Each structure stands twice: as structure tokens, then as C-alpha cells.
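A.B. asks: Whatever this is, show me its structure:
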Amino acid sequence: YVVATAVSAADLLLAYKAYPEAFGDDTNIPESGNGVPDVLDEVRGQLNWLFKMQNPENGGVYHKVTCRNFPGFIMPQDERDELVVCPETTTATGDFVAIMSLGSEIFKEIDPKLSTKCLEAAMKAWTYLESTPSAVVRNPEGIVTGEYRDDDDTDERLWAALELYKVTGHENILNKALELNKSSDKMRWVYGWQNVGMYALEELLEVFKGKDGFDEYQKQMEDRAKYIYDRARSDGYAIGDDRNIFYWGSNMAVLSNGINLCAAYEINQDERYLKYAKEQVNYCFGKNPMNMSYVTGYGSVAPIHPHHRISFACGSVIPGMLAGGPNGQKEDNVAKAKLVSMPPAKSYIDDTESYSTNEVDIYWNSKLVYAMARTHMAPKA
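C.D. replies: Numbering: from 1, shown residues only. All right, here's what the predicted structure looks like:
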């Protein structure tokens, strides 16, 4: 899934950018010891896969490549069904431009050849975007894997334009970004896969730092952070949103709020924002209505039956994975049967078949890494 991969890779690159000292070269992967932080080696693997998802003819990016249906609980190498490449979409292409531009920036000194390849791919995809009207995803007939539907590509185009401008300096690209920003009525307050607007807003702040327009973007960031803060300080578990947060992947929403608070803290040095940013991480590690850590292998009570094919096939849970968390909509048969009387905040069950509460996902895990990296900052003395 291109949109899922792009935001996950972005989270990891931004986490590295925020706190490079946290990432070593000794995590026992094949590339360990090569002089490059292992997290960047992992992102390099994702970038190399993303290159394959770009149509070499027109620069557009295919939305996903999957089997027609989900596999059984088997190891990846045992999944042998035919893979189907789904059509290009402008949401996937926009995210591709953004992550390739960011990759070009981060790898410029570490791997100049990869950096150049990323930029060339981003430029080709940008040309496609500029000439292609909105082309959103719909699962082709016979494909039932995750659709990752998104009917508005404005935020993806905006993020793409800003990241590409940062590495090229082309004023026409910046002008396009400003045009997109002016035409968008989206509230930019999510670091998600469907709404990537907050990534774009952070780039607007970076691009306009010390220039006219910065105050406007700063106010947008701080207004959202104040909304989160006001709710967090009146919540028993200090999470910064209303009860509507408990949807599929609610833990990602909690962590997104934490990153937002960090961004505001970096602007105004208000220590209260950093304090409550850390509380969003604390929630995921046990300060929650379930009184458990949602991260496998961490805490005295943590998931041991996640909806995760590799863990199931291995017969033991892989440590370090963030479960999706409470989902008040109870969107699988186990949740519907066993959580029928539970309020949204406790609509979670540690059951392999409860994919709507106990699934693990790369862009939830990457959000945890990013939130932990951003909250390492010490309060201003």
C-alpha cells in the first residue's frame, strides 16, 4: 500500500531528523555495522520498493499491489497467490512525491546516489500530478484487500509541493503549494494516511520561518495544540481529544495529538504542551482505561494475541508492535460479540481475530517511534 508505506517512511525519517542520537547501527539487521543508522537502512528498503510502484512511462504511482484477498496466517514467503497491481492514483502519487523529496533531503550526505534517484523520481511524479486531475482509489472488481480510500487529494498535493520545493527551491512549485493551501478547506490536524495535512503544515512553518506568512501558520498549529491541550488536562487519562477518537487505529490518533503538541512546544516553548505530549505516549504504554500497555512485549500486561500473521505463524508474539486500540464501532465479529456492552474507550480485546481493535500496522508503529523521538526534548530551563 503506497499511502501507508509513504507516511510510515516519513515518520521514521522525521523521527531521525528530530533525534538522530536515538538511532544506532547495531539492531542486528543485515545492514548493522555499515556506518549508517539502521532505521535509515530500513527506510532505504521501503524507498527501493516504492521506486517499483512508479509507472516508468508517465510517472504516476500505482496505489497498491496485493493478492485478490487477504492471505491466511502464514509467513510472507509462503504467500504464493498472484499479485495484482492496482491503477495509479493522485493520492498515492502525491505521497510518493513527498516521501521521495524527504528521502532526497535526508540521504543527500549519506547516500548521494540514492538521494539523486529519489529526486528524479519525485520530479517525474510531480509532472504527472500537475497534468492529472484527481484520480482517487476504488478497488478493482475482485480485489477485497484494503482500499485505503481517500476522495480528496488536496492535502497530498500540498505536502508533495512543499517537500519538493524544499529540495529544489523552484518558486513555481512553492506558488503551486500556496495556491493549493488557499483553496483547501481541510483542517490540517492529522498526521495520518488519509489526511496528511499536518505534515504539510509543519513544512509551511519551516519554509516560512522568518518570513511573511509564518504567523498565520504558527497560529494554525498552536490553535490545534491548544484544542488538544484543553481536553487533555481535563481527561482522567490525559489524552487530548473527545470521545470520537475511538475509531479503528485510535492509538495512532492519540500519538498524532502528541506530535502536534510537540510541534507547538517547539514554537512557543510552553512546557505544558511538552508535558501533555508525553502523556499521549504514556497512554499507549499503560495509562489508559484498559490498564495495559498496547505495545507487545512492554509492560506487565500487553497484547499477546495481536492480529499479526507473522506472530501467529511463529507461535509467539513479536515484541515492539503497537496494537490499534479501542474501537467503539466494533468492526469485526469478535468485537461485536464480546464487547457489545463496552463503552468506546474500553472497546478493545486481545484476540487474534479482532482485527478492528488488535491489528498492528506500520503507520501506527512508525507514529509511536516518531512521537517518542519528538518528546525526548527537555523543558526549557
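A.B. asks: Which residues does the worst-scoring helix or strand of the chain on mean pLDDT contact?
C.D. replies: None of the helices or strands of the chain scores lower by mean pLDDT, DSSP states H and E than helix 171-183, at a mean of 90. With contacts defined as C-beta atoms under 8 Å, 6 or more residues apart in numbering, helix 171-183 is touched by 126, 130, 154, 157-158, 161-162, 164-165, 200, 204, 207. Quick note: C-beta positions are derived from backbone N, CA and C, even for glycine.
A.B. asks: What residues sit buried inside that helix?
C.D. replies: Residues of helix 171-183 classed as buried under the neighbour-count rule (16 or more other C-beta atoms under 10 Å) are 173-174, 176-178, 180-181.
A.B. asks: Distance to Tyr273 for those - can I get that in TSV?
C.D. replies: Listed next are those as TSV, based on distance: C-beta to C-beta, whole Å:
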residue	distance to Tyr273
Ile173	32
Leu174	29
Lys176	32
Ala177	27
Leu178	28
Leu180	28
Asn181	24
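A.B. asks: which element follows the host helix or strand of Leu40 toward the C-terminus?
C.D. replies: Assigned by DSSP states H and E, Leu40 belongs to helix 38-52. Using DSSP H and E, the helix or strand that follows helix 38-52 towards the C-terminus is strand 65-66.
A.B. asks: so how far is that next one from its chain's centroid?
C.D. replies: On the basis of C-alpha atoms, centre = their mean, to the nearest Å, strand 65-66 sits 19 Å off its chain's mean C-alpha point.
A.B. asks: Use 32 as the first number for this chain going forward.
C.D. replies: Yep, numbering from 32; the last one is strand 96-97 now.
A.B. asks: Check the gap between the closest residue to Phe316 other than its chain neighbours and Glu297 for me.
C.D. replies: Excluding its sequence neighbours, the residue lying closest to Phe316 (C-beta to C-beta, 6 or more residues apart in numbering) is Ser324, at 5.0 Å. Ser324 is 28 Å from Glu297, where distance means C-beta to C-beta, to the nearest Å.
A.B. asks: Which one of these two is surrounded by more residues?
C.D. replies: Taking neighbours as other C-beta atoms under 10 Å, Ser324 and Glu297 compare with Ser324 leading, 20 against 16.
A.B. asks: Let me know the pLDDT of the more buried one.
C.D. replies: pLDDT, Ser324: 98.
A.B. asks: same thing with the one 5 residues further on?
C.D. replies: For Tyr329, the model assigns a pLDDT of 97.
A.B. asks: correct me, but it touches Gly351?
C.D. replies: Yes - using C-beta atoms under 8 Å, Tyr329 is in contact with Gly351, at 7.5 Å.
A.B. asks: May I see the buried residues of stretch 296-306?
C.D. replies: 296-298, 301, 304-306.
A.B. asks: same thing with stretch 59-73?
C.D. replies: If you call a residue buried by 16+ other C-beta under 10 Å, then stretch 59-73 has these buried ones: 62, 67-73.
A.B. asks: now do stretch 178-186
C.D. replies: Neighbour counts over stretch 178-186 (16+ other C-beta under 10 Å) mark 179, 181, 184-186 as buried.
A.B. asks: same thing with stretch 141-150?
C.D. replies: Quick answer for stretch 141-150 (16+ other C-beta under 10 Å): 142, 145-146, 148-150.
A.B. asks: List the contacts of that stretch.
C.D. replies: Stretch 141-150 is touched from outside by 67, 71, 75, 78, 82, 131-132, 134-136, 138-139, 198-199, with contacts defined as C-beta under 8 Å, 6+ apart.
A.B. asks: among those, which ones are buried?
C.D. replies: By neighbour count, with 16+ other C-beta under 10 Å, the contacts of stretch 141-150 hold 67, 71, 75, 78, 82, 131-132, 134-136, 138, 198-199 as buried.
A.B. asks: ok, those vs Tyr314, which is closest?
C.D. replies: Leu71 (28.6 Å; C-beta to C-beta).
A.B. asks: gap between the nearest residue to Gln360 once chain neighbours are set aside and Pro375?
C.D. replies: Distance criterion C-beta to C-beta, 6+ apart; nearest residue to Gln360, sequence neighbours excluded, is Tyr278 at 6.3 Å. From Tyr278 over to Pro375 the distance is 9 Å, taken as C-beta to C-beta.
A.B. asks: Just give me the residues shared between the contact sets of the two.
C.D. replies: 358-359.
A.B. asks: Surely Met154 touches Leu195?
C.D. replies: Yes - the pair Met154 and Leu195 qualifies as a contact (C-beta under 8 Å) at a distance of 7.5 Å.
A.B. asks: okay, these two: which has more neighbours?
C.D. replies: The neighbour comparison of Met154 against Leu195 (other C-beta under 10 Å) goes to Leu195, with 27 against 19.
A.B. asks: Can you get me a residue count around Lys242?
C.D. replies: 8.
A.B. asks: swap that for Ser265, please
C.D. replies: 9.
A.B. asks: Next: Asp254.
C.D. replies: The local packing count at Asp254 equals 12, with neighbours defined by other C-beta under 10 Å.
A.B. asks: Next: Ser397.
C.D. replies: Using other C-beta under 10 Å, Ser397 has 26 neighbouring residues.
A.B. asks: quick one: low-confidence ranges for this structure?
C.D. replies: Applying pLDDT under 70 to the chain flags the ranges 215-220, 273-274, 411-412.
A.B. asks: Which parts of it are strands?
C.D. replies: With DSSP state E, the ranges of strands along the chain come out as 96-97, 115-116.
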